[in-house]
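[1] with the input below, show me the fold.
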Amino acid sequence: SLPGSLRVVGGVMRDALDIVSVLEACDAAGLHHARGQLLQPDRVKAVFAKSDPAPQVRGWRTTMFTDSDLNATRHSRAAVAGLLAAVFADTRLFVSGGAE
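    Numbering: from 1, shown residues only. Okay, here's the model as predicted:
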């Protein structure tokens, strides 16, 4: 393998609101943050995430499965994408959903 300055860091979010796990992954990558947002977002080249819909988040019911206009996976992906976009100060990220 070639030496380089890029690294891959992974983690598992407990649920769609789990910002702590995201920030712990940032810590593992050596990315500094304050008040839940990266201080140098330009250091991140890509963010990939996987999200599955849940009927409840932290004991509270969600409407992911009761919206007749949108598939539940889209709701879940949007929620996780919003959280990640806030942390990384960027909307250029990819959130996959479903069992593909």
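
[2] give me the neighbour count for the residue nearest to H32 when sequence neighbours are not counted.
    Nearest non-adjacent residue to H32, counting by CB to CB, 6 or more residues apart in numbering: L39, 4.7 Å away. Any C-beta I mention is one placed from the backbone N, CA and C, and that applies to glycine too. Counted with other CB atoms under 10 Å, residues neighbouring L39 total 12.

[3] and L70, by the same measure?
    Neighbours around L70, by other CB under 10 Å: 11.

[4] so the residue nearest to H32 touches G30, yeah?
    No: proximity of L39 to G30 does not meet the contact threshold set by CB atoms under 8 Å, at 11.7 Å.

[5] so where's this structure shaky on pLDDT?
    For the chain, the stretches flagged by pLDDT under 70 are 1-2, 99-100.

[6] for A49, which non-adjacent residue is closest in space?
    V95 (4.6 Å).

[7] secondary structure class for that neighbour?
    Here V95 is recorded as strand under DSSP: H, G, I helix; E, B strand; the rest coil.

[8] can you give me the distance of it to R61?
    To R61, V95 is 22 Å away according to CB to CB, to the nearest Å.

[9] higher neighbour count, those two?
    Using other CB under 10 Å as the criterion, V95 and R61 rank with V95 on top: 20 against 11.

[10] just list the residues touching that one, thanks.
    By CB atoms under 8 Å, 6 or more residues apart in numbering, the residues touching V95 are F48, A49, K50, S51, R77, V80, A81, L84.

[11] repeat that with 7 Å
    For V95, the contacting residues are A49, S51, R77, V80, A81, by CB atoms under 7 Å, 6 or more residues apart in numbering.

[12] likewise for A85?
    Counting by CB under 7 Å, 6+ apart, A85 touches T91, L93.

[13] contacts only, for the closest residue to V44 other than its chain neighbours.
    Spatially, and ignoring its direct neighbours in sequence, V44 is nearest to F88 (5.7 Å; CB to CB, 6+ apart). Each residue near F88 by CB under 7 Å, 6+ apart is listed here: L38, P41, V44, V47.
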